[in-house]
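Enquirer: generate coordinates for the sequence data below:
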Amino acid sequence: MKPAPKAELLIRGIGQLATLAGPEGPRRGAALGELGLVAQGALAAAGGRILAAGPEAAVLAACEPAPDCLEIAAGGALVTPAYVDPHTHALFGRYRYEEFALRVAGRPYLEIAAAGGGIHASVADFRCRSDEELLALSRPRLKRMLLAGSATIEVKTGYGLDLEQELRGLRLIAGLAEELAVRLVPTFLGAHEIPPERRADRADYVEEIVGVWLPAVAAQGIARFADVFCEPTVFTLAESERLLRAAQALGLGAKLHADEIAPGYGAAALAAGLGAVSAEHLIAMAERDIAALAAAPTVAVLLPATSLGLASTQFAPARRLVDAGAAVALATDYNPGSSCCESMGLVLALAASALRLSPAEALCAATHNAAWACGEGRETGSLLPGKRADLILHDAADYRELPYHIGFPSARLVFAAGRRLAFAPEECRDRPLEIT
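Expert: Here you go, the predicted model:
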């Protein structure tokens, strides 16, 4: 008889366990609200992977604690998969809070950008900072995201906008992932903007990305995806298609900043036609593009915190996307300009109150579907045997509390690959204090 596996982590007394068990692949329609709930549950893990998750009696029968097992009595608490944040720009230098004040006063985003703010301001700042400065600034931000429950975080480049700086950004992302021992998913966003010094030779710039940058990124072997900011004033539909097809030919997955600003531009339909992993933002998408996403494997990644950061009352049409059969995920869009939000918990609240997703749909969109939106669906996003032991023990008893209790992180304990994430409070501060 085969001996019972030894659990290195065992959580008992879980009042409500959201396993997200179900078929592989992103969920659509009614399936988006299926959480695989188990009452009076338990979870066991070893080697960073889940051994068993389900009714407590079944889990205890399937495995036994190792001598050095970390055993936790959950006291009736809620346990869910850890959040997956599939769209961030978390590697940057200074914040741009002055632009937020201008937007609140009525200045449009594009007007601020034309005056030297926006992405160009972050590019100028990024280029003049050393590796050590960028790491020191980004490290506490990522730690805050992790402690808020995001155990898998996609991180884009895009503040370098020349080949050397973009490759440097990817190296720094890889270094942070190794240092923090968490899953960061690197995305090359060299086509984030056209830098002022290249405006006069726009066509040559696009061809340089295609012929020089993308091969160099692929050869470096860090980036898993390539992304493009597709807008009439940034990269056009034709340019975006050229760039993403070249990326796909080199083995990179395709993502697309789509239909954020220009109404009905059609970038979401382009993403669907390319079979992109995700189309992201979608605030200004047209009705015809909803049907295109519903018929495609592409995941619609919605970023409600960005609407707040833009001082806007316009949000992506989440309810229409879900009802049409599109796969919907959620992300923070954490960045220094339009969404200074590290918290997927806040995004859940916005998804319910502003996007009109049910609490169950929002949780699935922030875990299971979000994992598929950044190529991690077979590894995380649900609490199934064999998957990474990425999970949250919440200071809550019911999943419906997550979007309801606004402004305070519910995550009490966060585990990434079975390892409890614990940082001293001052490690998570932008300006740590020395208290003697």
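Enquirer: output the longest strand belonging to the protein.
Expert: Ranked by residue count, the top strand of the chain under DSSP state E comes out as strand 6-18.
Enquirer: got the CA positions of that one in CSV?
Expert: Extracted in CSV, the C-alpha atoms of strand 6-18 (Å, rounded to 0.1, in the frame of the first residue of the first chain):
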residue,chain,number,x,y,z
LYS,A,6,3.4,14.1,3.9
ALA,A,7,2.0,17.6,4.1
GLU,A,8,4.4,20.5,4.8
LEU,A,9,1.4,22.9,5.1
LEU,A,10,-1.9,21.9,6.5
ILE,A,11,-4.8,24.3,7.0
ARG,A,12,-7.8,22.9,8.9
GLY,A,13,-11.1,24.4,10.0
ILE,A,14,-11.7,26.4,6.8
GLY,A,15,-15.3,27.7,7.1
GLN,A,16,-15.5,28.3,3.3
LEU,A,17,-13.0,27.0,0.8
ALA,A,18,-13.2,28.4,-2.7
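Enquirer: show me which positions of whichever helix or strand comes after it end up buried.
Expert: Using DSSP states H and E, the helix or strand that follows strand 6-18 in sequence is strand 37-46. Within strand 37-46, the residues that count as buried by 16 or more other C-beta atoms under 10 Å are 37-38, 41-46. Where C-beta positions appear, they are placed from N, C-alpha and C, glycine not excepted.
Enquirer: tell me the one of the residues you listed nearest residue 179?
Expert: Set against residue 179, the nearest of the buried residues of strand 37-46 by C-beta to C-beta is residue 45 (22.8 Å).
Enquirer: wait, isn't the closest one in contact with residue 389?
Expert: Yes. Counting by C-beta atoms under 8 Å, residue 45 does reach residue 389; the two are 3.7 Å apart.
Enquirer: what segments of the stretch 51-200 of the chain are strands?
Expert: For the stretch 51-200 of the chain, the strands defined by DSSP state E, counting those that start in this stretch cover 64-73, 78-81, 83-85, 150-156, 183-191.
Enquirer: so of those strands, which one's packed in deepest?
Expert: Among those, strand 83-85 has the highest mean neighbour count (mean count of other C-beta atoms under 10 Å), at a mean of 33.
Enquirer: which residues touch it?
Expert: Applying C-beta atoms under 8 Å, 6 or more residues apart in numbering, the contact partners of strand 83-85 are 145, 148-154, 331-332, 334, 344-345, 366-367, 370-371, 373-374, 376, 380-381, 392.
Enquirer: got it, and stretch 226-245?
Expert: 110, 156, 158, 187-194, 206, 209-210, 214, 217, 247, 252-258, 260-262, 265-267, 270, 274, 276, 280.
Enquirer: and those residues, which of them are buried?
Expert: Buried subset of these (neighbour count, 16+ other C-beta under 10 Å): 156, 158, 187-194, 206, 209-210, 214, 217, 247, 252-258, 260-261, 265-267, 270, 274, 276, 280.
Enquirer: quick one: low-confidence parts of this protein?
Expert: For the chain, the stretches with pLDDT under 70 are 1.
Enquirer: domain parsing for it?
Expert: The chain resolves into domains spanning 6-81+382-420, 83-372 when parsed by automatic domain parsing.
Enquirer: first to last residue in the shortest one, what's the distance?
Expert: In other words, domain 6-81+382-420. Start to finish, the residues bounding domain 6-81+382-420 are 18 Å apart (C-alpha to C-alpha, to the nearest Å).
Enquirer: which residue ranges of the stretch 201-350 of the chain form strands?
Expert: Under the criterion DSSP E, counting those that start in this stretch, the stretch 201-350 of the chain carries strands at the ranges 225-230, 253-258, 278-281, 299-302, 327-330.
Enquirer: any chance of a markdown table for those, columns distance to residue 5?
Expert: Below are the strands of the stretch 201-350 of the chain laid out as a markdown table (distance: least, C-beta to C-beta, whole Å):
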| stretch | distance to residue 5 |
| --- | --- |
| strand 225-230 | 35 |
| strand 253-258 | 34 |
| strand 278-281 | 35 |
| strand 299-302 | 33 |
| strand 327-330 | 32 |
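Enquirer: thanks a lot, see you next time.
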